[in-house]
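Q: With the input below, show me the fold.
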Amino acid sequence: MTSFHEMQYVYEVYRHQSFSKAAEAMYISQSSLSLMVKKAEKRVGSPIFDRSTLPITLTEAGRAYIRAAMQIMSIEQDFQTEIGNIQQMITGSLTLGGTTLFTSYVLSPVISDFSMQYPGIDLRLHEVNSETLQQELMNGTLDFAVDNADFDPNLFEQHVCTDEEILLAVPRKSSANSRAASYALPGEALRGGQIRQDCLPVPLSYFMHEPFLLLREGNDTRTRADMLFARAGFHPNIRLMTDHQIVCFNLAAYGMGCTFVSQSLACSADYSDRLCFYRLPPELSLRRVSLYSKKKRDMTPPMRAFVALLPRLRERK
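A: Have a look, this model is predicted:
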(Lines give C-alpha, C1' and ligand atoms only; values in the text may rest on other atoms or scores of the structure.)
Protein backbone atom coordinates (compact mmCIF):
# COMPACT_ATOMS: atom_id res chain seq x y z
CA MET A 1 0.00 0.00 0.00
CA THR A 2 1.34 3.39 -0.92
CA SER A 3 1.92 6.04 1.74
CA PHE A 4 -0.09 9.24 1.98
CA HIS A 5 3.15 11.21 1.63
CA GLU A 6 3.97 9.53 -1.69
CA MET A 7 0.40 10.00 -2.84
CA GLN A 8 0.69 13.77 -2.51
CA TYR A 9 3.79 13.81 -4.74
CA VAL A 10 2.10 11.65 -7.37
CA TYR A 11 -0.98 13.84 -7.33
CA GLU A 12 1.06 17.00 -7.91
CA VAL A 13 2.73 15.45 -10.97
CA TYR A 14 -0.72 14.49 -12.26
CA ARG A 15 -2.07 17.97 -11.58
CA HIS A 16 0.78 19.77 -13.37
CA GLN A 17 1.26 17.04 -16.04
CA SER A 18 4.97 17.62 -15.61
CA PHE A 19 7.69 16.47 -13.23
CA SER A 20 9.60 19.74 -13.52
CA LYS A 21 6.55 21.96 -12.86
CA ALA A 22 5.41 19.80 -9.93
CA ALA A 23 8.91 19.87 -8.41
CA GLU A 24 9.02 23.66 -8.76
CA ALA A 25 5.59 24.02 -7.13
CA MET A 26 6.63 21.80 -4.23
CA TYR A 27 10.03 23.45 -3.78
CA ILE A 28 11.98 20.18 -4.18
CA SER A 29 14.41 18.91 -6.78
CA GLN A 30 13.08 17.05 -9.80
CA SER A 31 15.28 14.07 -8.95
CA SER A 32 13.77 13.82 -5.44
CA LEU A 33 10.27 14.01 -6.89
CA SER A 34 11.03 11.33 -9.47
CA LEU A 35 12.38 9.08 -6.72
CA MET A 36 9.18 9.42 -4.68
CA VAL A 37 7.00 8.64 -7.72
CA LYS A 38 9.10 5.56 -8.53
CA LYS A 39 8.63 4.35 -4.94
CA ALA A 40 4.88 4.72 -5.35
CA GLU A 41 4.95 2.85 -8.65
CA LYS A 42 6.99 0.07 -7.05
CA ARG A 43 4.38 -0.28 -4.30
CA VAL A 44 1.58 -0.33 -6.88
CA GLY A 45 3.46 -2.81 -9.05
CA SER A 46 2.80 -0.89 -12.25
CA PRO A 47 3.74 2.46 -13.86
CA ILE A 48 1.43 5.31 -12.90
CA PHE A 49 2.54 7.69 -15.66
CA ASP A 50 3.13 7.16 -19.36
CA ARG A 51 6.36 9.09 -19.79
CA SER A 52 6.39 8.65 -23.58
CA THR A 53 3.75 11.33 -24.10
CA LEU A 54 4.05 15.07 -23.81
CA PRO A 55 2.59 16.18 -21.55
CA ILE A 56 2.79 13.00 -19.53
CA THR A 57 -0.45 11.06 -19.09
CA LEU A 58 -1.79 8.45 -16.71
CA THR A 59 -1.68 4.76 -17.35
CA GLU A 60 -4.79 2.66 -16.63
CA ALA A 61 -3.31 1.83 -13.22
CA GLY A 62 -2.49 5.51 -12.80
CA ARG A 63 -6.11 6.53 -13.37
CA ALA A 64 -7.23 4.08 -10.67
CA TYR A 65 -4.49 5.41 -8.40
CA ILE A 66 -5.54 9.05 -8.85
CA ARG A 67 -9.23 8.22 -8.26
CA ALA A 68 -8.28 6.57 -4.97
CA ALA A 69 -5.89 9.41 -4.10
CA MET A 70 -8.60 12.04 -4.58
CA GLN A 71 -10.98 10.12 -2.33
CA ILE A 72 -8.32 9.72 0.36
CA MET A 73 -7.30 13.38 0.20
CA SER A 74 -10.95 14.41 0.44
CA ILE A 75 -11.34 12.30 3.58
CA GLU A 76 -8.15 13.82 4.98
CA GLN A 77 -9.45 17.33 4.30
CA ASP A 78 -12.76 16.55 5.97
CA PHE A 79 -10.89 15.12 8.95
CA GLN A 80 -8.67 18.19 9.29
CA THR A 81 -11.74 20.45 9.06
CA GLU A 82 -13.49 18.46 11.77
CA ILE A 83 -10.42 18.54 14.02
CA GLY A 84 -10.17 22.31 13.48
CA ASN A 85 -13.83 22.73 14.40
CA ILE A 86 -13.31 20.72 17.57
CA GLN A 87 -10.25 22.74 18.56
CA GLN A 88 -12.10 25.98 17.88
CA MET A 89 -15.14 24.75 19.87
CA ILE A 90 -17.39 24.92 16.81
CA THR A 91 -18.42 21.30 17.27
CA GLY A 92 -17.97 18.65 19.94
CA SER A 93 -19.76 17.20 22.94
CA LEU A 94 -19.70 17.34 26.74
CA THR A 95 -21.48 14.85 29.00
CA LEU A 96 -22.15 15.82 32.60
CA GLY A 97 -23.60 13.52 35.27
CA GLY A 98 -25.10 14.30 38.65
CA THR A 99 -28.29 14.62 40.62
CA THR A 100 -31.02 17.02 39.52
CA LEU A 101 -30.16 19.24 42.49
CA PHE A 102 -26.55 19.78 41.47
CA THR A 103 -27.01 19.98 37.70
CA SER A 104 -30.15 22.14 37.81
CA TYR A 105 -29.45 24.41 40.77
CA VAL A 106 -25.76 24.44 41.66
CA LEU A 107 -24.26 24.30 38.16
CA SER A 108 -27.09 25.95 36.26
CA PRO A 109 -25.28 29.34 35.85
CA VAL A 110 -22.19 27.64 34.39
CA ILE A 111 -24.24 25.32 32.16
CA SER A 112 -26.18 28.32 30.85
CA ASP A 113 -23.03 30.39 30.23
CA PHE A 114 -21.31 27.47 28.51
CA SER A 115 -24.27 26.81 26.20
CA MET A 116 -24.48 30.47 25.18
CA GLN A 117 -20.74 30.77 24.53
CA TYR A 118 -20.42 27.45 22.68
CA PRO A 119 -23.77 26.74 20.97
CA GLY A 120 -22.21 24.13 18.68
CA ILE A 121 -21.21 21.87 21.58
CA ASP A 122 -23.68 19.07 22.28
CA LEU A 123 -24.17 19.31 26.07
CA ARG A 124 -25.71 16.19 27.63
CA LEU A 125 -26.92 15.80 31.24
CA HIS A 126 -27.29 12.41 32.95
CA GLU A 127 -29.13 12.13 36.28
CA VAL A 128 -27.43 9.39 38.34
CA ASN A 129 -26.38 8.69 41.94
CA SER A 130 -22.85 9.03 43.37
CA GLU A 131 -21.87 5.37 43.01
CA THR A 132 -23.00 5.23 39.40
CA LEU A 133 -21.24 8.53 38.69
CA GLN A 134 -17.88 7.04 39.61
CA GLN A 135 -18.47 3.93 37.51
CA GLU A 136 -19.48 5.98 34.47
CA LEU A 137 -16.49 8.28 34.84
CA MET A 138 -14.18 5.28 34.88
CA ASN A 139 -15.68 3.68 31.78
CA GLY A 140 -15.77 6.97 29.87
CA THR A 141 -19.54 7.38 29.66
CA LEU A 142 -19.24 10.75 31.41
CA ASP A 143 -16.77 13.58 30.94
CA PHE A 144 -17.62 15.10 34.33
CA ALA A 145 -19.56 14.17 37.45
CA VAL A 146 -20.81 16.80 39.90
CA ASP A 147 -21.28 15.71 43.51
CA ASN A 148 -20.52 16.60 47.11
CA ALA A 149 -19.08 13.14 47.89
CA ASP A 150 -15.33 12.62 48.21
CA PHE A 151 -14.17 10.66 45.17
CA ASP A 152 -10.93 8.66 45.34
CA PRO A 153 -8.13 11.20 44.59
CA ASN A 154 -6.01 8.42 43.08
CA LEU A 155 -8.63 7.86 40.39
CA PHE A 156 -10.33 11.22 39.94
CA GLU A 157 -9.35 14.85 39.45
CA GLN A 158 -11.31 17.33 41.60
CA HIS A 159 -12.42 20.76 40.34
CA VAL A 160 -14.10 22.70 43.16
CA CYS A 161 -17.39 24.32 42.17
CA THR A 162 -18.65 25.94 45.35
CA ASP A 163 -19.28 25.52 49.07
CA GLU A 164 -22.86 25.60 50.26
CA GLU A 165 -24.93 25.12 53.40
CA ILE A 166 -27.87 22.89 54.20
CA LEU A 167 -30.64 25.04 55.70
CA LEU A 168 -33.76 24.25 57.68
CA ALA A 169 -36.96 25.41 55.96
CA VAL A 170 -40.06 25.79 58.17
CA PRO A 171 -43.59 26.79 57.06
CA ARG A 172 -44.36 30.31 58.27
CA LYS A 173 -47.62 29.15 59.83
CA SER A 174 -45.69 26.97 62.30
CA SER A 175 -45.94 28.32 65.87
CA ALA A 176 -42.35 27.18 66.47
CA ASN A 177 -41.13 30.15 64.43
CA SER A 178 -42.06 32.58 67.19
CA ARG A 179 -39.66 30.88 69.57
CA ALA A 180 -36.91 30.73 66.95
CA ALA A 181 -37.48 34.23 65.53
CA SER A 182 -34.06 35.56 66.51
CA TYR A 183 -32.37 32.83 64.44
CA ALA A 184 -34.36 33.29 61.22
CA LEU A 185 -32.43 34.33 58.13
CA PRO A 186 -33.62 37.59 56.57
CA GLY A 187 -35.40 37.14 53.25
CA GLU A 188 -32.99 39.39 51.36
CA ALA A 189 -30.11 37.08 52.32
CA LEU A 190 -31.58 34.26 50.27
CA ARG A 191 -32.62 36.46 47.38
CA GLY A 192 -29.05 37.73 47.11
CA GLY A 193 -27.57 34.27 47.41
CA GLN A 194 -25.63 35.30 50.51
CA ILE A 195 -25.86 33.71 53.96
CA ARG A 196 -24.91 36.12 56.71
CA GLN A 197 -22.23 34.51 58.80
CA ASP A 198 -23.35 36.39 61.93
CA CYS A 199 -26.67 34.49 61.91
CA LEU A 200 -26.40 31.78 64.56
CA PRO A 201 -27.44 28.14 63.98
CA VAL A 202 -30.92 27.42 65.34
CA PRO A 203 -31.42 24.74 68.03
CA LEU A 204 -33.21 21.99 66.11
CA SER A 205 -35.03 20.99 69.30
CA TYR A 206 -37.27 24.06 68.80
CA PHE A 207 -38.97 22.05 66.04
CA MET A 208 -39.12 18.62 67.69
CA HIS A 209 -42.96 18.58 67.61
CA GLU A 210 -43.19 19.63 63.94
CA PRO A 211 -43.74 17.18 61.05
CA PHE A 212 -40.73 16.68 58.75
CA LEU A 213 -40.39 15.96 55.04
CA LEU A 214 -37.20 13.98 54.45
CA LEU A 215 -35.28 12.31 51.67
CA ARG A 216 -34.94 8.56 51.80
CA GLU A 217 -31.93 7.01 53.48
CA GLY A 218 -28.70 6.89 51.50
CA ASN A 219 -28.88 10.52 50.37
CA ASP A 220 -26.26 12.92 51.74
CA THR A 221 -28.85 15.45 52.93
CA ARG A 222 -30.77 12.68 54.75
CA THR A 223 -27.58 11.43 56.39
CA ARG A 224 -26.84 14.93 57.66
CA ALA A 225 -30.44 15.31 58.85
CA ASP A 226 -30.23 12.08 60.87
CA MET A 227 -27.04 13.31 62.54
CA LEU A 228 -28.70 16.64 63.34
CA PHE A 229 -31.68 14.85 64.93
CA ALA A 230 -29.35 12.63 66.96
CA ARG A 231 -27.43 15.66 68.21
CA ALA A 232 -30.69 17.44 69.11
CA GLY A 233 -31.83 14.35 71.03
CA PHE A 234 -35.15 13.51 69.36
CA HIS A 235 -36.66 11.29 66.69
CA PRO A 236 -38.51 13.32 64.06
CA ASN A 237 -42.16 12.98 63.15
CA ILE A 238 -41.67 12.02 59.49
CA ARG A 239 -44.76 12.90 57.47
CA LEU A 240 -43.30 12.04 54.06
CA MET A 241 -40.14 10.63 52.46
CA THR A 242 -39.20 11.22 48.81
CA ASP A 243 -36.25 10.74 46.45
CA HIS A 244 -35.98 14.39 45.45
CA GLN A 245 -35.15 17.41 47.58
CA ILE A 246 -37.14 19.75 45.38
CA VAL A 247 -40.32 17.78 46.18
CA CYS A 248 -39.75 18.23 49.92
CA PHE A 249 -38.97 21.91 49.36
CA ASN A 250 -42.14 22.63 47.38
CA LEU A 251 -44.36 20.70 49.80
CA ALA A 252 -42.82 22.56 52.74
CA ALA A 253 -43.67 25.83 50.99
CA TYR A 254 -47.30 24.71 50.99
CA GLY A 255 -47.23 24.07 54.72
CA MET A 256 -46.90 20.29 54.84
CA GLY A 257 -43.89 20.23 57.15
CA CYS A 258 -40.29 21.25 57.82
CA THR A 259 -37.46 20.09 55.58
CA PHE A 260 -33.75 20.41 54.96
CA VAL A 261 -32.81 22.24 51.77
CA SER A 262 -29.57 23.16 50.06
CA GLN A 263 -28.63 26.81 49.91
CA SER A 264 -28.62 26.72 46.10
CA LEU A 265 -32.18 25.41 45.94
CA ALA A 266 -33.43 27.80 48.66
CA CYS A 267 -32.02 30.76 46.73
CA SER A 268 -33.52 29.60 43.43
CA ALA A 269 -37.17 30.21 44.44
CA ASP A 270 -38.62 33.13 46.37
CA TYR A 271 -40.47 31.27 49.10
CA SER A 272 -39.60 33.81 51.81
CA ASP A 273 -43.30 34.66 52.17
CA ARG A 274 -44.14 30.99 52.84
CA LEU A 275 -41.06 29.66 54.61
CA CYS A 276 -38.68 30.69 57.37
CA PHE A 277 -35.08 29.60 56.86
CA TYR A 278 -32.54 28.81 59.55
CA ARG A 279 -28.85 27.99 59.62
CA LEU A 280 -27.69 24.72 61.14
CA PRO A 281 -24.44 23.72 62.91
CA PRO A 282 -21.72 24.27 60.27
CA GLU A 283 -19.87 21.02 60.98
CA LEU A 284 -22.96 19.13 59.76
CA SER A 285 -24.46 21.58 57.29
CA LEU A 286 -21.49 22.80 55.22
CA ARG A 287 -20.53 20.80 52.15
CA ARG A 288 -18.30 21.24 49.11
CA VAL A 289 -19.68 20.59 45.65
CA SER A 290 -17.07 19.54 43.11
CA LEU A 291 -16.75 18.54 39.49
CA TYR A 292 -14.81 15.31 38.99
CA SER A 293 -13.07 13.93 35.92
CA LYS A 294 -11.09 10.74 35.39
CA LYS A 295 -7.47 11.17 36.38
CA LYS A 296 -4.79 11.12 33.66
CA ARG A 297 -7.42 11.53 30.98
CA ASP A 298 -6.62 14.14 28.34
CA MET A 299 -9.22 16.88 28.70
CA THR A 300 -11.02 17.85 25.51
CA PRO A 301 -11.40 21.54 24.56
CA PRO A 302 -15.06 21.56 25.77
CA MET A 303 -13.96 20.08 29.11
CA ARG A 304 -11.26 22.74 29.57
CA ALA A 305 -13.73 25.49 28.64
CA PHE A 306 -16.29 24.22 31.16
CA VAL A 307 -13.75 24.09 34.01
CA ALA A 308 -12.62 27.62 33.14
CA LEU A 309 -16.15 28.87 33.88
CA LEU A 310 -16.33 27.38 37.40
CA PRO A 311 -14.86 30.45 39.19
CA ARG A 312 -18.03 32.33 38.20
CA LEU A 313 -19.96 30.23 40.71
CA ARG A 314 -17.83 31.56 43.55
CA GLU A 315 -18.00 35.10 42.15
CA ARG A 316 -21.81 34.93 42.34
CA LYS A 317 -21.77 34.04 46.04
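Q: Can you list the strands that the helix or strand harbouring Arg287 pairs with?
A: Arg287 is part of strand 286-294 when elements are defined by DSSP states H and E. Strand 286-294 pairs in its sheet with strand 144-147 (antiparallel), strand 156-171 (antiparallel), by DSSP bridges.
Q: Tell me which of the ones you listed is the most buried.
A: Each of the strands paired with strand 286-294 was scored by mean neighbour count; the highest is strand 144-147, a mean of 24, by mean count of other C-beta atoms under 10 Å. From N, CA and C alone the C-beta is placed, and that goes for glycine too.
Q: if we look at it, which residues are touching it?
A: Applying C-beta atoms under 8 Å, 6 or more residues apart in numbering, the contact partners of strand 144-147 are 94-99, 102-103, 106-107, 130, 133-134, 136-137, 151, 159, 161, 289-293, 303, 306.
Q: before we move on, back to that, nearest to Lys39, out of the strands paired with strand 286-294?
A: Across the strands paired with strand 286-294, Lys39 has its closest neighbour in strand 156-171 (46.5 Å, C-beta to C-beta).
Q: does Arg288 have beta-bridge partners, and which?
A: Arg288 has these beta-bridge partners by DSSP bridges: Asp163.
Q: out of the strands paired with strand 286-294, nearest to Lys42?
A: strand 156-171 (50.0 Å).
Q: Next up, the contacts around the residue most central in space within the chain.
A: With distances taken as C-alpha atoms, centre = their mean, Leu96 lies nearest the centre of the chain, 3.8 Å away. Contacts of Leu96 were listed using C-beta under 8 Å, 6+ apart, and they are 103, 107, 111, 123-126, 142-146, 306.
Q: And for Ile66?
A: Val10, Tyr11, Tyr14, Leu58.
Q: The first one is in contact with Ala68, isn't it?
A: Pointing back at Val10 there. No: applying C-beta atoms under 8 Å as the test, Val10 and Ala68 come out as separate, 10.6 Å apart.
Q: what about those two, which has more around it?
A: Of the pair Val10 and Ala68, Val10 is the one with more neighbours under other C-beta atoms under 10 Å, namely 25 against 12.
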